[in-house]
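S.K.: How does the following fold in three dimensions:
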Amino acid sequence: MALSEEEIEQIKERVEIMRIEHRDLDSAISSLQEQAYIDQMQMRRLKKRKLYLKDAIRKLESMLIPDMPA
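M.R.: As a prediction, the model looks like this:
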């Protein structure tokens, strides 16, 4: 399945937005860990969202790799 240039650009934009959110979550997790009292439920949610973004980024990036004939 070949992607159009427009689709490729949309995927690249989405990946960049997701990378920014991933970095923001990383910062939020670091800040939360520095606090005296850590809300474990919030920490789990942030880490779960961060992992979801990592997987989604990989999936989208794999769509950008052209298929190689066997």
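
S.K.: In three-state terms, label Asp67 for me.
M.R.: Recorded secondary structure, Asp67: coil (DSSP: H, G, I helix; E, B strand; the rest coil).

S.K.: gap between it and Leu3?
M.R.: 11 Å (C-beta to C-beta, to the nearest Å). For every residue, glycine as well, the C-beta is placed using N, CA and C.

S.K.: remind me, longest helix of the protein?
M.R.: Counting by DSSP state H, the longest helix found in the chain is helix 5-34.

S.K.: Compute the mean per-residue pLDDT across whichever helix or strand comes after that one, please.
M.R.: Per DSSP states H and E, the first helix or strand lying C-terminal to helix 5-34 is helix 40-64. In this model, helix 40-64 has a mean pLDDT of 96.

S.K.: Give me the angle between helix 40-64 and helix 5-34.
M.R.: 160 degrees (axes from the mean of the first three to the mean of the last three C-alpha atoms, to 10 degrees).

S.K.: quick one on the thing from earlier: so which of Asp67 and Leu3 has more stuff around it?
M.R.: Leu3 (13 against 7; other C-beta atoms under 10 Å).

S.K.: Distance check, the more buried one against Gln10.
M.R.: For Leu3, the distance to Gln10 - C-beta to C-beta - is 9 Å.

S.K.: Same check on Arg49?
M.R.: 22 Å.

S.K.: Ile11 reaches Ser62, doesn't it?
M.R.: No: look at Ile11 against Ser62 with C-beta atoms under 8 Å: they stay out of range, at 10.2 Å.
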